[in-house]
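>>> Build me a model:
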Amino acid sequence: MPSPHPNPLVRMVLLGAGWLAIVLGVLGIFLPLLPTTPFLLLAAACFARSSERFYQWLISHPRLGPWFRDYLDGQGIPLKGKVYAIGLMWMSISISCWIVPIFWARMGMLLTAMLVTIWIVRQKTRVIQR
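Numbers count the residues shown, from 1 in each chain. Down below sits the predicted model:
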């Protein structure tokens, strides 16, 4: 775990961003267009630089920890999680591109979706033991 940022103002901003990411991640459990895992990873990254106590709480949380603990431990992302993340992302990007009439916004969304898809596919795939 990295050491907390030396600037107290930066630590407070990171702490606030971490809690906002937790809220969005929990909402993502129930709302199909919000991704859970990236928000929880963001929260873990923010807490790692702002509060060791909240970082430890998050990664050991019985409900939230399993969403990303294996990824942080270097075991990878389950294939089902990759398919789910990529599928929902492309569905939401497609709907957004259909709604937003601005060409450059559409191109930005599509480029972002392509880059995130490449990143997800290149991540190690966790083999689930049965």
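>>> tell me which residues in the helix ranked longest in the chain are buried?
Taking DSSP state H as the criterion, the chain has its longest helix at helix 8-30. Neighbour-count burial for helix 8-30, with 16 or more other C-beta atoms under 10 Å as criterion, is recorded at 11, 14, 15, 17, 18, 21, 22, 24, 25, 26, 28. To be clear about C-beta, it is placed using only N, CA and C from the backbone, and glycine gets the same treatment.
>>> Could you dump those into a markdown table and include pLDDT and distance to residue 67?
Converted to a markdown table, the buried residues of helix 8-30 look like this (pLDDT from 0 to 100; distance: C-beta to C-beta, whole Å):
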| residue | pLDDT | distance to residue 67 |
| --- | --- | --- |
| 11 | 93 | 24 |
| 14 | 95 | 20 |
| 15 | 95 | 20 |
| 17 | 95 | 18 |
| 18 | 95 | 15 |
| 21 | 92 | 12 |
| 22 | 94 | 11 |
| 24 | 90 | 13 |
| 25 | 86 | 7 |
| 26 | 89 | 10 |
| 28 | 82 | 9 |
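>>> Sketch out the low-pLDDT regions of the protein for me.
Scanning the chain for pLDDT under 70 picks out 1-2, 32-33, 130.
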